[in-house]
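Participant: Quick one, structure for this:
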Amino acid sequence: MKKRSYSSVLFLIIFAIIAVSCGKMPSDKEPELTTKVETQESFDIKSEKEILNIRLQCTVECKRMVKPPFKEKIFEDADEIKIFVKAINNSKKIEADLDYSTFFLMHITFKDDTEKVFVLNVNDAEGGVELLVKNPGSSEGYYSISEELHKELRTLIYHS
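Facilitator: All right, here's what the predicted structure looks like:
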């Protein structure tokens, strides 16, 4: 019985060593991968011309509204995309931990087939405060959108 127990433990140790050693070790010959770190106070989408479309997806919280605006809506018009880009680039970082519900997931699809996903909370109330969250499901990257841009987004989302 003890022999079987020792051989099982030995097998597990050998398996763990093999599994760990199979990982690729970095070498000086490999190119270094770089990640863009956003150090500014807001986002920086260079131009609306980089964007193919913006898709808003109504989440569970959005569907609980008395009158949800849509299940999903795609914005492809250059003027509409320009409003979203202006709102994103002019948003201001909020230095606080927030407890929030997600109204919309905003999928920005770029012409190079990459995509960024944000949380976008825009309500249909006059003078509402809007929230843009950099990483959905996380507590990092809260941004507020100005009242002026809120009006423009509100019109696009709820009244177009």
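
Participant: Look up phi and psi at Lys151.
Facilitator: With angles defined as degrees, to the nearest 10, Lys151 sits at phi -60, psi -40.

Participant: Met65 now?
Facilitator: Backbone torsions of Met65, given as degrees, to the nearest 10, read phi -60, psi 160.

Participant: Need the pLDDT of the residue nearest to Ala96 when sequence neighbours are not counted.
Facilitator: Once flanking residues are discounted, Ala96 sits nearest to Tyr142: 6.9 Å by CB to CB, 6 or more residues apart in numbering. Heads up, the C-betas are built off the backbone N, CA and C, glycines and all. We note a pLDDT of 82 for Tyr142 in this prediction.

Participant: how far away is Tyr142 from Arg64?
Facilitator: Note on Tyr142: its distance to Arg64, by CB to CB, to the nearest Å, is 22 Å.

Participant: Flag the helix or strand of the protein with the lowest per-element mean pLDDT.
Facilitator: Least confident element among the helices and strands of the chain, by mean pLDDT, DSSP states H and E: helix 2-21 (a mean of 43).

Participant: what element comes up after that one heading to the C-terminus?
Facilitator: strand 51-58 (DSSP states H and E).

Participant: mean confidence score for that following strand?
Facilitator: When pLDDT is averaged over strand 51-58, the result is 96.

Participant: That one: partners in the sheet, and parallel or antiparallel?
Facilitator: With DSSP bridges as the test, strand 51-58 is paired with strand 72-75 (antiparallel), strand 104-110 (antiparallel).

Participant: So which of the ones you listed is the most surrounded?
Facilitator: strand 104-110 (a mean of 18; mean count of other CB atoms under 10 Å).

Participant: Now for the closest residue in space to Thr109 that isn't next to it in sequence: which residues touch it?
Facilitator: Using CB to CB, 6+ apart and skipping residues adjacent in sequence, the residue nearest Thr109 is Leu52, 4.7 Å away. By CB atoms under 8 Å, 6 or more residues apart in numbering, the contact list for Leu52 reads Glu76, Thr109, Phe110, Lys111.

Participant: Hmm, Glu130 is touching His150, no?
Facilitator: Yes. With contact defined as CB atoms under 8 Å, Glu130 counts as touching His150 (4.8 Å).

Participant: what is in contact with these two at once?
Facilitator: What both Glu130 and His150 touch, as defined by CB under 8 Å, 6+ apart, is the set Val122.
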